[in-house]
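S.K.: Below is the sequence, then the predicted model.
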Amino acid sequence: MTKQEFLDRLRRSLAGLPLEDAEERLAFYDEMIDDRTEEGLSEEEAVSSFGTPEEIADQILSEIPLSRLVRERVKPKRALRAWEIVLLVLGFPVWFPILISLCIIALSVYVVLWSVIVSLYAVDLALAVSAVGGIALAVRALLQGQPTQAAAFVGASLLCAGLAILLFLGCVKATKGAVILTKRIGRWIKSLFVRKGENS
């Protein structure tokens, strides 16, 4: 792919971003391709060293703060007409509570997800403490001359230790999954604003 084809595809992929951000990134890649061709690479080699324009656009989108995208998209492109203002004001008692409710529901689901993960870590800690406590009780039972009770405490302690290890591994996986889910939701929300910009 030539430099111009690469930049054209990248421009199309960045179409929904704020104009100054898109132009800044295009200028950056234009200069980088020129630098690499000056170092002796062919234009095609220089272009292929960056990856596809779509991958680059995804990376750029993930770096731009959501607040910047929202601010850019919320700015009116034209002055609102009188009837649009009247509809917004009259509809406010309907659309605003619905919007707030949806935001609160989404936030609640997110908080519950993390609460479950924190609860799993608490259960894991309780199992680890129980394992240590079981060993202490086993030592006490041995000192009191109760080997059967000591063996039962050691068995319970080993069971708690094994469950604690397994649960810890599950907690780590759940945490990683929640972080990945958070990033994907963030990218999805950003893509909504980018699509909005492309369609308008």
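M.R.: Sure, I can see it.
S.K.: Ile56 reaches Ser13, doesn't it?
M.R.: Yes - with contact defined as CB atoms under 8 Å, Ile56 counts as touching Ser13 (7.4 Å). Every C-beta, even on glycine, is put in place using the N, C-alpha and C of the backbone.
S.K.: which residues of the protein fall in helices?
M.R.: Counting by DSSP state H, the segments of the chain that form helices are 3-13, 19-38, 43-48, 53-63, 66-74, 82-143, 147-199.
S.K.: which residues does the residue nearest in space to the middle of the chain contact?
M.R.: The centroid of the chain falls nearest to Lys183 when counting by CA atoms, centre = their mean (1.2 Å). For Lys183, the contacting residues are Ser62, by CB atoms under 8 Å, 6 or more residues apart in numbering.
S.K.: Could you measure from it over to Gln59?
M.R.: 13 Å (CB to CB, to the nearest Å).
S.K.: Could you do Thr148 as well?
M.R.: Separation of Thr148 from Gln59 (CB to CB): 63 Å.
S.K.: returning to that earlier point: ok, of the helices of the chain, where does mean pLDDT dip lowest?
M.R.: In terms of mean pLDDT, the lowest-scoring of these is helix 66-74 (a mean of 66).
S.K.: now what about stretch 7-14, what contacts it?
M.R.: The contact list for stretch 7-14, computed with CB under 8 Å, 6+ apart, reads 1, 21-22, 25-26, 29-30, 52-54, 56-57, 60.
S.K.: which of these count as buried?
M.R.: Buried subset of those (neighbour count, 16 or more other CB atoms under 10 Å): 21-22, 25, 29, 53, 56-57, 60.
S.K.: hmm, which two among those are most spread apart?
M.R.: Asp21 and Pro53 (15.2 Å; CB to CB).
S.K.: Tell me who's in contact with the residue of the chain most remote from its centre.
M.R.: Taking CA atoms, centre = their mean, the residue of the chain most remote from its mean C-alpha position is Gly145, at 56.3 Å. Shown in contact with Gly145 (CB under 8 Å, 6+ apart): no residues.
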